[in-house]
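> no sequence on hand, only this structure:
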């Protein structure tokens, strides 16, 4: 399962199969590598039953000892793809024509509601697998804006499935990058 850290699991599996077929890698070598990973997991205690007790779980996670971790997770989950012309932090929001976009949901996202508390901002949404015409219409709608804040919805934690990010979502992000 260590292959899950590769962005394209299908390509990694194909490469391993090809290496076995070409004699560059033997099944015995694969078995030895797997035994090593399993031994490390056993040594780390990853196979021990560590059930979470649901009683008071919410209160436990809100306790001071977890608050720093929570704050750090939130800070690390925000990603700025482009900060051309040093827009961040926003020093003159009154000079910006701002829009927010949630990709992967046809419904407004909570982060979009929060943005409205800080500035006058127009909100847009587009589903997880939009058609090309829907994408083009969205791009046309976003052209007048000089600030765009984008969020992705419906992602997963599995790298093997590209974190749930579809080809259409990647295409939208690429097209948005070309707007500036």
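Received, thanks. Please read all numbers here as calculations on a predicted model, not as lab measurements.
> mind listing the helices for the chain?
Using DSSP state H, the helices found in the chain span residues 9-21, 27-44, 57-61, 64-76, 110-115, 132-142, 167-177.
> JSON lines for these, including mean neighbour count, distance to residue 84 and mean pLDDT?
No exception for glycine: its C-beta is placed from N, CA and C like everyone else's. Output for these, formatted as JSON lines (neighbours: other CB atoms under 10 Å; distance: least, CB to CB, whole Å; pLDDT from 0 to 100):
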{"stretch": "helix 9-21", "mean neighbour count": "13", "distance to residue 84": "32", "mean pLDDT": "87"}
{"stretch": "helix 27-44", "mean neighbour count": "11", "distance to residue 84": "43", "mean pLDDT": "87"}
{"stretch": "helix 57-61", "mean neighbour count": "10", "distance to residue 84": "38", "mean pLDDT": "78"}
{"stretch": "helix 64-76", "mean neighbour count": "9", "distance to residue 84": "22", "mean pLDDT": "72"}
{"stretch": "helix 110-115", "mean neighbour count": "14", "distance to residue 84": "20", "mean pLDDT": "80"}
{"stretch": "helix 132-142", "mean neighbour count": "13", "distance to residue 84": "16", "mean pLDDT": "93"}
{"stretch": "helix 167-177", "mean neighbour count": "15", "distance to residue 84": "10", "mean pLDDT": "86"}
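> now render these as JSON lines, adding distance to residue 121.
Shown next, in JSON lines, are the helices of the chain (distance: least, CB to CB, whole Å):
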{"stretch": "helix 9-21", "distance to residue 121": "38"}
{"stretch": "helix 27-44", "distance to residue 121": "46"}
{"stretch": "helix 57-61", "distance to residue 121": "31"}
{"stretch": "helix 64-76", "distance to residue 121": "20"}
{"stretch": "helix 110-115", "distance to residue 121": "5"}
{"stretch": "helix 132-142", "distance to residue 121": "12"}
{"stretch": "helix 167-177", "distance to residue 121": "16"}
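> to residue 161, which of these lies closest?
helix 9-21 (7.9 Å; CB to CB).
> helices or strands up against that closest one?
helix 27-44 (3 or more CB pairs under 8 Å, 6 or more residues apart in numbering; DSSP states H and E).
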